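Asks: got a structure for you, letters missing:
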């Protein structure tokens, strides 16, 4: 008797279906991993650690935050996109993720198809900061200075949202600076604090403590309106770059094969946690705004960001092979 063998792709699909929970009733049934695709100390890492304890309490299961940096965030993101255990979450800058497909000629995953939006958590504007030795006290003076001396501009990664924000400001003001790429916000901040680089654009959540300590000098905020914690600092739009606004949008995604019931459960818990007074106050005191979205709203936001940043990428000629 001859037995027919199932196609390999169908076998893999069936195995994945068996591995994933059929509903949210018995989920989670093992530890949950929150993958942060950047080095420790950045905005996404800060938020992941702020929510991990409350999420563990709510779901009565261990929640582990794992930093999996590499390839401008693509290493960790790819790991989540290919996860089939039903217990792996990605916490990243959703705006930066929307940029990825425009910057990279080839990716091992499709951000729009292989990941499912779960919940938006927070927003923080970018701060334009310089090392205290830089004599400029506003954006106009920084632009003028860039024509007289070499200024190294630290970027968290080539093609990241802070990098493209810097490109947009450079193009609008005709500034001149040399981009120095890093493997994450913590490293970019560290070298700017140390004076190896002179200029930095980065998320307020991770950068504000260094401004408050005097290790960095802030020249502008990339928000439409001034922020209360830095009420005396003008926005970049106020300083001549009309309509300019950028920032980091931290959110959670899961693999596309995650059952809708699980996505809904995680979304509800994360939204409740991030809105809780203790977590909200902790983040607001550091410069982040709690900014929640449902999975559907987050999906629409992602598509808008993808289109908007694609234009900036094309104008800046940013491409990674």
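Replies: Received it, and whenever you're ready, just let me know what you need. Quick caveat: nothing in here was measured; it's all calculated off a predicted structure.
Asks: Would you mind measuring from residue 138 to residue 128?
Replies: Counting by C-beta to C-beta, to the nearest Å, the separation of residue 138 from residue 128 is 10 Å. Backbone N, C-alpha and C define where each C-beta goes, glycine included.
Asks: what do these two both touch?
Replies: Counting by C-beta atoms under 8 Å, 6 or more residues apart in numbering, the contacts common to residue 138 and residue 128 are 219-220.
Asks: more neighbours, these two?
Replies: The residue with more neighbours, out of residue 138 and residue 128, is residue 128; 28 against 15, by other C-beta atoms under 10 Å.
Asks: Checking my notes, that one in a strand, right?
Replies: Yes: under DSSP: H, G, I helix; E, B strand; the rest coil, residue 128 sits within a strand.
Asks: Mind listing the residues bridging to it?
Replies: residue 201, residue 220 (DSSP bridges).
Asks: Report the contact partners of it.
Replies: Counting by C-beta under 8 Å, 6+ apart, residue 128 has contacts 139, 142, 169, 199-201, 218-222, 236.
Asks: Tell me the pLDDT of residue 71.
Replies: What the model reports for residue 71 is a pLDDT of 86.
Asks: so what's the nearest residue to residue 313 once chain neighbours are set aside up against?
Replies: Spatial nearest neighbour of residue 313, excluding adjacent residues (C-beta to C-beta, 6 or more residues apart in numbering): residue 102 at 4.2 Å. For residue 102, the contact set (C-beta under 8 Å, 6+ apart) comprises 306, 309-310, 313-314.
Asks: and residue 102, which of the three is it?
Replies: Following three-state DSSP, residue 102 is assigned to helix.
Asks: which stretches of the stretch 151-300 of the chain form strands?
Replies: 152-155, 178-181, 199-203, 217-221, 247-255, 289-293 (DSSP state E, counting those that start in this stretch).
Asks: Sketch out the low-pLDDT regions of this structure for me.
Replies: By pLDDT under 70, the weakly predicted segments of the chain are 1-23, 321.
Asks: all helices in it, in order from the N-terminus.
Replies: Applying DSSP state H to the chain gives helices spanning 8-19, 43-59, 74-81, 94-103, 139-146, 161-173, 185-194, 204-212, 260-275, 277-284, 295-316.
Asks: for those helices, which one sits closest to residue 241?
Replies: In terms of C-beta to C-beta, the element of those nearest to residue 241 is helix 161-173, at 4.6 Å.
Asks: Centre of the chain to the closest one, how far?
Replies: Offset of helix 161-173 from its chain centre (C-alpha atoms, centre = their mean, to the nearest Å): 17 Å.
Asks: Can you list the neighbours in contact with that helix?
Replies: By C-beta under 8 Å, 6+ apart, the list of residues contacting helix 161-173 reads 93, 95-96, 99, 126, 128, 139, 143, 153, 155-157, 175-177, 179, 181, 185, 188, 199-203, 222, 236, 240-241, 244, 246-248, 309, 312-313, 315-316, 318.
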